[in-house]
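K.L.:
A structural model of the following input is requested.
(one chain, ligands or ions: 1)
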Amino acid sequence: MNARERTPMAAETAEKTAPASLDAVREEAEECRRCDLYRNATQTVFGEGGENARAVFVGEQPGDKEDIEGRPFVGPAGKLFDDVLEEVGIERKKTYVTNAVKHFKFEPRGKRRIHSKPNAGEIRACRWWLDQELTFLKPEVTVALGATAARALVGRPVPITKMRGNIVQSAEGVPVFITVHPSSLLRIPDREVRHAARAQFADDMRKVKKLMKG
Ligand code: URA
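P.N.:
Okay, the predicted model is just below:
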């Protein structure tokens with residue numbers, strides 16, 4: 001997101017009175033109409049985790065299961081994510097997990113709902129909620145799980161393959177640790193390649209653990 005992309009958000013932000021607490025933000029987000037994605041989604045899927053979280057993990061958007069349950073990362077990608085966090089010894093209560101976009105975007109195909117990538121306008125519109133979450137949580141580190149999250153957090157497109165495992169400063173000076181999205185690991189067909197990719201993701205999470213300072 002460049003400076004030009006940010007301008008309309010700044011105006012929108014200025015119109016609103018800042019909510020008093022993260023719970024108040026969560027409640028407001030239930031009625032979000034900042035873009036059209038609320039029309040087809042079941043509900044807003046807001047972030048969750050410890051109010052004193054040292055790390056905030058940001059995914060792309062809720063998937064099918066998250067949309068139905070109203071909680072982030074409870075589907076297959078969430079299971080992999082939880083398993084890796086446990087493996088490297090990151091305690092969930094010291095984290096907060098959310099998404100760049102808080103409504104499920106999909107294309108209906110028969111009875112199935114196929115994930116559809118949020119566009120730059122949807123990411124920008126939803127940035128209001130992510131900003132509020134970060135304002136209240138003030139984490140030591142934010143973790144971008146994949147390209148959409150990196151774009152939302154850093155404010156511009158980030159080449160994930162090149163930058164993964166590194167920290168990028170956002171326009172606001174917040175450190176953003178870049179890594180892949182866990183669902184990208186699930187899509188790797190070859191077992192050995194998938195194993196290696198999972199191990200690399202676990203290495204990234206070990207780096208995040210160090211950044212959380214205990
Ligand atoms: N993928 C995401 O990016 N977020 C979720 O909450 C689930 C899957």
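
K.L.:
Identify all contacting residues around the lengthiest helix in the chain.
P.N.:
The residue-count maximum for a helix in the chain (DSSP state H) belongs to helix 191-211. By CB atoms under 8 Å, 6 or more residues apart in numbering, the surrounding residues in contact with helix 191-211 are 55, 80, 84-85, 87-90, 140-141, 143, 164-165, 167, 175, 177, 179-180, 182, 184-186, 188. The way it works is simple: take the backbone N, C-alpha and C, and place the C-beta from them, glycine included.

K.L.:
Please name the bridge partners of the residue of the chain found nearest the ligand.
P.N.:
Residue nearest to the ligand within the chain (CB to the nearest ligand atom): Gly59, separated by 2.7 Å. When assigned by DSSP bridges, Gly59 has beta-bridge partners Asn99.

K.L.:
pLDDT score for it?
P.N.:
pLDDT recorded at Gly59 is 98.

K.L.:
Identify the residues contacting the residue of the chain positioned farthest from its centre.
P.N.:
Most distant from the centre of the chain: Gly110, at 28.2 Å, with distances by CA atoms, centre = their mean. Residues in contact with Gly110 (CB under 8 Å, 6+ apart): none are found.

K.L.:
Is the closest residue in space to Ala53 that isn't next to it in sequence in a helix, a strand, or coil?
P.N.:
Closest residue to Ala53 apart from its sequence neighbours, by CB to CB, 6 or more residues apart in numbering: Tyr96 at 3.7 Å. For Tyr96, the assignment made with DSSP: H, G, I helix; E, B strand; the rest coil gives strand.

K.L.:
Can I have the buried ones of the contacts of helix 191-211 as a PyMOL selection?
P.N.:
Buried residues within the contacts of helix 191-211, by 16 or more other CB atoms under 10 Å, are selected in PyMOL with:
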select buried, resi 55+80+84+85+90+140+141+143+164+177+179+180+182+184+185
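
K.L.:
Out of the contacts of helix 191-211, name the ones that lie in helices.
P.N.:
Leu80, Val84, Leu85, Glu87, Val88, Pro182, Ser184, Leu185, Leu186.

K.L.:
hang on, Asp82 packs against Gly75?
P.N.:
No: taking contacts as CB atoms under 8 Å, Asp82 lies outside contact range of Gly75: 10.9 Å.

K.L.:
So what sits opposite Thr95 in the bridge?
P.N.:
With DSSP bridges as the rule, Thr95 is bridged to Ala55.

K.L.:
which bits of the chain sit near the ligand?
P.N.:
Where the chain comes near the ligand, counting by CB under 6 Å from any ligand atom, the residues are 59-63, 66, 72-73, 75, 77-78, 99, 183.

K.L.:
And the one helix or strand Ala149 maps to, what does it pack against?
P.N.:
Assigned by DSSP states H and E, Ala149 falls within helix 147-154. When contacts are defined as 3 or more CB pairs under 8 Å, 6 or more residues apart in numbering; DSSP states H and E, helix 147-154 packs onto strand 55-59, helix 120-137, strand 141-145, helix 160-163, strand 167-169, strand 175-179.
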